[in-house]
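Undergrad: Predicted model and sequence below, questions to follow.
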Amino acid sequence: MTAHDPGLARPNAPTTTYRYDEFDAVFVRERVAEFREQVRRRLEGSLTEDEFRPFRLMNGLYLQLHAYMLRVAIPYGTLTARQMRRLADIADKYDRGYGHFTTRQNLQYNWPKLVDTPDILESLAGVEMHAIQTSGNCIRNVTADHFSGVAPDEIEDPRPTAEFLRQWSSAHPEFSFLPRKFKIAVTGADHDRAAIMVHDIGLRILKSDAGEIGYQVVVGGGLGRTPFVGKVIRDYVSRDDLLAYLEAIMRVYNRFGRRDNKFKARIKILVHEKGIDEVRAAVEAEFAAMDRSVFSFDPAEFERIAAFFTPPPYEALPAESAKLRTQGVEHPAFGNFLDMNVSPHRVPGYAIVTVSLKPIGGIPGDATSQQMRLLADASERFGFGELRVSHEQNIILPHVKQDELLDLWKLLDGAGLATANAGLVSDIISCPGLDYCSLATARSIPIAQAISKRFSDLSRQRRIGKLGIKISGCINACGHHHVGAIGILGLEKKGQESYQITLGGDPTFSASIGEILGPGVSAEQVPDVIEHIVDFYLAERREGETFIETWRRIGHARFKDVLRREGEDGADI
Amino acid sequence: MPALKHPQILLASDLAGGEVVFLGAEGWERDHARARVARSEDEAAALESFGKAEIAGNKVVDVYLADVEVGVDGVPTPLHYREKMRLKGPSVRPDLGKQAKGGAHDRS
């Protein structure tokens, strides 16, 4: 019998997501009870704040600018309708009626009280959720492509692998006190929607020449104050060797990663300072020397996990809905939604819907409890009760019949959730910034709102095309500004908020770190600068060229020049 | 008793609830208008000393002094925008935080 004996799995589990077995359920319940006792001891004074802080961080509880903040893990961004409703209920009962979906596919509550947190965690445990390892120097929530299992370009659904890694890394005694936090992302598709090149470890599922599934392993990517694109450490690791190989990487990092300076403690610094060849040699030596038997691949266990992610019972449908095109013409706003927020599905007659949490002038990633409940209802009515959170801070309904898209759109539209801007200039990634975060040096949300309003005309946005703007309120880069085609970093300059703009970032397989455009500008100037950049791109682009393609073709200097000239002409940029 | 370059107040977060509080004449206050203002190094040291004791007493966490200017009405206002934010709440949600209630006394 293993810890995850298939015989212990719960009956009637939904087909599309992992369900806790008794081992998982007991583990999470015990952690809740443990934290309840720690909170009690803290409040009575038998634990000091220094003693308590690591415990609360291990359970996802931060102290922020105005209140505590609880970060709830959403493994690989997958949620059931029941879980989404519970998140809404918690928002109403213990918080202020909303939540913030993050760039790591998690959810943050901004106003919980310490005294309520054990009850919140217990409520989460009731729907097989927790906040474990959403903070601290450990392996964080494993993220994945938000189109997992439904993308036409997919080799294999990455979620079984991500779940496999979640179980391996949860409460792993050797990796609970790493030099720094550690983030893993997995994709199984030809297009990287999980930003694997800028994670500590990025895994890309591949098929070998022999037809076997394995992984390309990328290591040492990351954003923060010292951004790096990850480097391939192994072109191919078989599934049999995956856990052992990752264990070897973690051991090398745990041993050689710097603990003398937290700003140099991430594995990206180790890779940068030692070089990928030296790190690879150390990992391979560890891999060769270690007892791999304890990490040997258990096909039955993998299959048990994979079985939770079997496709839902799709109907046999024509590849394309006969009425969809007509409906798009009859309802132009729906037509726009189809063009921007609906993606092809691997199953004929179905579609993937991106629900934008970026209404014009809204707060990126925020959803009210009412919206969460509506999304839960929508997922049950239209999509087998499953939802995803994207690292772009949107919600995905992954299994919608094309014939039902119009009805879904009407439902979303009534709740302010039908903004047809997925991937466009107003689909801005933004961290909470100084409106909430104690680490922030400047606000980021108001900048996102101002840009969104400046480009509020959706037809103009569509003429501009796909363009990723990403905003961080400090150098820690939670808003991924380094990999924004246009990145914005909020800093403090002479006691004022100042914004540094970068161009040319790319979070995909062709990853690149953006280059600084020039001196920082004020909050009021940011929309003007962005508009100048966009206008210059529109003037220079060739047919079909994306922003990043134009930027790469004509070069950064041209963009710098035009901004400098605009400044000389009196635009004060 | 050397004067401070700028007057200072003592901020903290309430341990149990997390709300921002200010040290006043009779203990922790939710309204910065009631904060005790230190104008000399000795007065600031006294505030800090009291704050450390309150940390040890498990009432508050994250205690620190912030520079302020004092208005004609006697109300201290922080000089730095970060602490100005803490007095109010998120600038993008005027319905939340201390700013939402027309004063910080009401803790609904």
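TA: Received it, and whenever you're ready, just let me know what you need.
Undergrad: Get me the contact residues on chain B for chain A.
TA: B:13, B:15-20, B:55-58, B:61-62, B:79-82, B:85-86, B:89-93, B:96-97 (CB under 8 Å from any CB of the partner chain). Just so you know, the C-beta spots here come from the backbone N, C-alpha and C atoms, and that holds for glycine as well.
Undergrad: Among the residues you listed, name the ones in helices.
TA: Among those, the ones falling in helices (DSSP state H) are B:55-56, B:81-82, B:85-86.
Undergrad: Just the buried residues of the residues you listed.
TA: B:55, B:81-82, B:85-86 (16 or more other CB atoms under 10 Å in any protein chain shown).
Undergrad: and the two most separated of the residues you listed?
TA: Among these, the pair separated by the greatest distance (CB to CB) is B:55 and B:81, at 25.6 Å.
Undergrad: Over to the spatially most central residue of chain B. Which of the three states is it?
TA: With distances taken as CA atoms, centre = their mean, the residue of chain B nearest its centroid is residue B:22 (3.1 Å). Applying DSSP: H, G, I helix; E, B strand; the rest coil to residue B:22 yields a three-state assignment of strand.
Undergrad: check contacts around the closest residue to it other than its chain neighbours.
TA: Spatial nearest neighbour of residue B:22, excluding adjacent residues (CB to CB, 6 or more residues apart in numbering or on different chains): residue B:35 at 3.8 Å. For residue B:35, the contact set (CB atoms under 8 Å, 6 or more residues apart in numbering or on different chains) comprises B:9-10, B:22-24, B:29, B:76.
Undergrad: Next: residue A:220.
TA: So residue A:220 contacts A:200, A:228, A:230-231, A:233, A:267-268, A:270-272, A:276, A:279 (CB under 8 Å, 6+ apart).
Undergrad: Out of those residues, grab the one that's most surrounded.
TA: residue A:267 (29 neighbours; other CB atoms under 10 Å in any protein chain shown).
Undergrad: my guess is that one contacts residue A:253, does it?
TA: Yes: with contact defined as CB atoms under 8 Å, residue A:267 counts as touching residue A:253 (4.7 Å).
Undergrad: how about stretch A:176-190: buried residues?
TA: Quick answer for stretch A:176-190 (16+ other CB under 10 Å): A:176, A:178-189.
Undergrad: now, which of those sits nearest chain B?
TA: The closest of the buried residues of stretch A:176-190 to chain B turns out to be residue A:181 (CB to the nearest CB; 21.0 Å).
Undergrad: coming back round to it: and the residues of chain B next to chain A, which are buried?
TA: Counted by 16+ other CB under 10 Å, these give B:13, B:15-20, B:55, B:58, B:61-62, B:79, B:81-82, B:85-86, B:89-93, B:96-97 as buried.
Undergrad: Which residues of the stretch 351-500 of chain A lie near chain B?
TA: Counting by CB under 8 Å from any CB, the stretch 351-500 of chain A sits next to chain B at A:363, A:434-436, A:443, A:445-446, A:449, A:495-497.
Undergrad: contacting residues around residue A:526?
TA: A:447, A:450-451, A:488, A:499, A:501.
Undergrad: Determine whether the claim that residue A:490 is in a helix is correct.
TA: No: assigned with three-state DSSP, residue A:490 falls outside any helix and is strand.
Undergrad: In contact with it, which residues are there?
TA: So residue A:490 contacts A:433-434, A:440-444, A:447, A:471-474, A:497-499 (CB under 8 Å, 6+ apart).
Undergrad: If we use 6 Å, what do you get?
TA: Applying CB atoms under 6 Å, 6 or more residues apart in numbering or on different chains, we find residue A:490 in contact with A:442, A:444, A:473, A:499.
Undergrad: what does residue A:295 give?
TA: Residue A:295 neighbours (CB under 6 Å, 6+ apart): A:243-244, A:247.
Undergrad: So for the residue nearest to the centre of chain B, what's the pLDDT?
TA: Here the pLDDT value assigned to residue B:22 is 97.
Undergrad: for the one 3 residues further on, same thing?
TA: Per-residue confidence (pLDDT) for residue B:25: 93.
Undergrad: And for the closest residue to it other than its chain neighbours, the neighbour number?
TA: Spatial nearest neighbour of residue B:25, chain neighbours left out: residue B:36 (5.5 Å); criterion: CB to CB, 6+ apart. The tally of other residues near residue B:36 (other CB under 10 Å) stands at 18.
Undergrad: ok, so what distance separates residue B:36 from chain A?
TA: Using CB to the nearest CB, to the nearest Å, residue B:36 is found at 21 Å from chain A.
Undergrad: Quick check: which ranges of the chain have low pLDDT?
TA: Picking chain A for this. Within chain A, the stretches with pLDDT under 70 are A:1-15, A:565-573.
Undergrad: Not quite, go with chain B.
TA: B:1, B:102-108.
Undergrad: now do 90
TA: Within chain B, the segments meeting pLDDT under 90 span B:1-2, B:101-108.
Undergrad: before we move on, the earlier item: narrow the buried residues of stretch A:176-190 to those in strands?
TA: Of the positions in these, A:184-187 sit in strands, assigned by DSSP state E.
Undergrad: Now name the helix or strand holding residue A:563.
TA: helix A:556-566 (DSSP states H and E).
Undergrad: scratch that, residue B:6
TA: Counting by DSSP H and E, residue B:6 is found in strand B:3-14.
Undergrad: Now do the contacts for residue 96.
TA: Going with chain A. Here residue A:96 is in contact with A:111, B:96 (criterion: CB under 6 Å, 6+ apart).
Undergrad: oops, I was thinking of chain B
TA: Counted by CB under 6 Å, 6+ apart, residue B:96 has contacts A:96, B:89-90.
Undergrad: what's the neighbour count on residue A:350?
TA: Count around residue A:350 with other CB under 10 Å applied: 24.
Undergrad: Show the backbone phi and psi for it.
TA: phi -110, psi 170 (degrees, to the nearest 10).
Undergrad: so residue A:155 sits right up against residue A:211, yeah?
TA: No: taking contacts as CB atoms under 6 Å, residue A:155 lies outside contact range of residue A:211: 11.0 Å.
Undergrad: higher neighbour count, the two?
TA: The neighbour comparison of residue A:155 against residue A:211 (other CB under 10 Å) goes to residue A:155, with 15 against 6.
Undergrad: Report the separation between that one and chain B.
TA: With CB to the nearest CB as the criterion, residue A:155 and chain B are 41 Å apart.
Undergrad: So what would you say the end-to-end distance of stretch B:53-62 is?
TA: 12 Å (CA to CA, to the nearest Å).
Undergrad: neighbouring contacts of it?
TA: A:45, A:49, B:12-13, B:15, B:63.
Undergrad: again, only this time at 10 Å
TA: With contact meaning CB atoms under 10 Å, 6 or more residues apart in numbering or on different chains, stretch B:53-62 is reached by A:42-50, A:52-53, A:63-64, A:114, A:438, B:10-16, B:18, B:20-21, B:23, B:27-28, B:51, B:63.
Undergrad: interface residues of the stretch 1-150 of chain A facing chain B?
TA: A:39, A:42-50, A:52-53, A:61-69, A:96-98, A:110-117 (CB under 10 Å from any CB of the partner chain).
Undergrad: now those: which count as buried?
TA: A:39, A:42, A:47, A:49, A:52-53, A:61-69, A:96, A:98, A:110-117.
Undergrad: hmm, back to that, which residues are common contacts for residue A:267 and residue A:253?
TA: If you check residue A:267 and residue A:253 against CB under 10 Å, 6+ apart, the residues they both contact are A:178-180, A:182, A:200-201, A:219-220, A:279.
Undergrad: Lovely, talk soon.
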